[in-house]
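A.B. asks: okay, structure incoming, though there's no sequence with it:
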């Protein structure tokens with residue numbers, strides 16, 4: 001998100017999280033587009049998530065301060081040691097993992113103590129935003145110890161399928177590209193329909 005009016009309309013839907021992408025190669029990159037006063041005006045009950053890909057620690061720190069971020073979503077090849085350093089900046093840490101046809105869940109072991117949540121997304125060269133799903137059946141091998149963010153090509157018609165994932169320790173559904181009019185601009189009507197369906201409203 002980076003358009004002030006679009007963000008305001010989304011806030012009215014009371015999402016749990018709003019994401020801001022600080023990866024310069026992404027078409028959703030927010031720096032130079034988004035005024036810091038906009039993010040800082042978002043109600044405190046909506047957590048602001050900064051999405052980073054292999055960013056220097058100092059850059060992450062500066063964006064946390066400038067934009068009032070509550071969480072850092074690390075979407076690159078960040079090590080457990082780096083994740084632990086990000087946690088010292090006073091934010092919750094979401095470590096994203098790219099899922100292909102198979103996934104070695106043992107790689108998560110080293111991240112258990114330095115991350116608050118794991119995020120599973122469809123593998124893509126662009127580190128997300130592909131609009132494609134991976135097979136959720138792969139997650140049956142996940143031990144469910146740490147709550148997860150589920151991502152990857154989730155669209156407005158997936159609410160009923162998500163209801164079938166009661167066996168999975170889901171903290172949040174991460175939605176993005178399937179709800180876009182253009183990069184970083186969301187279709188509020190479709191978001192409203194999806195959120196209402198997921199919440200059973």
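C.D. replies: Great, that's in hand. Being a predicted model, the structure only gives us computed values, none of them experimental.

A.B. asks: quick one: average pLDDT of the longest strand that the chain contains?
C.D. replies: When every strand of the chain is counted residue by residue (DSSP state E), the longest turns out to be strand 92-99. With pLDDT averaged residue by residue, strand 92-99 scores 97.

A.B. asks: tell me the helices and strands packed up against it.
C.D. replies: Packed against strand 92-99, as judged by 3 or more Cβ pairs under 8 Å, 6 or more residues apart in numbering; DSSP states H and E, are the following elements: strand 71-74, helix 80-87, strand 117-122. For glycine as for every other residue, the C-beta is placed from the backbone atoms N, C-alpha and C.

A.B. asks: other residues contacting stretch 48-62?
C.D. replies: The set of residues that contact stretch 48-62 without belonging to it, under Cβ atoms under 8 Å, 6 or more residues apart in numbering, is 17-23, 25-26, 39, 42, 63-64, 67-78, 82, 85-86, 89, 91, 94, 127-128.

A.B. asks: what does stretch 5-23 give?
C.D. replies: For stretch 5-23, using Cβ under 8 Å, 6+ apart, the contacting residues are 1-2, 28-31, 34, 38-39, 42-43, 45-53, 55, 59-60, 63, 67, 69, 71, 73, 75, 127, 172, 174, 176, 184-186, 188, 191-192, 195.

A.B. asks: got the phi and psi for the residue nearest in space to the middle of the chain?
C.D. replies: In the chain, the residue lying closest to the centroid (Cα atoms, centre = their mean) is residue 174, at 5.2 Å. Main-chain torsions, residue 174, degrees, to the nearest 10: phi -100, psi 110.

A.B. asks: ditto for the one 5 residues further on
C.D. replies: Listed backbone geometry of residue 179 is phi -110, psi 20, with angles given as degrees, to the nearest 10.

A.B. asks: I'd say it and residue 156 touch.
C.D. replies: Yes - the pair residue 179 and residue 156 passes the contact test of Cβ atoms under 8 Å, sitting 7.0 Å apart.
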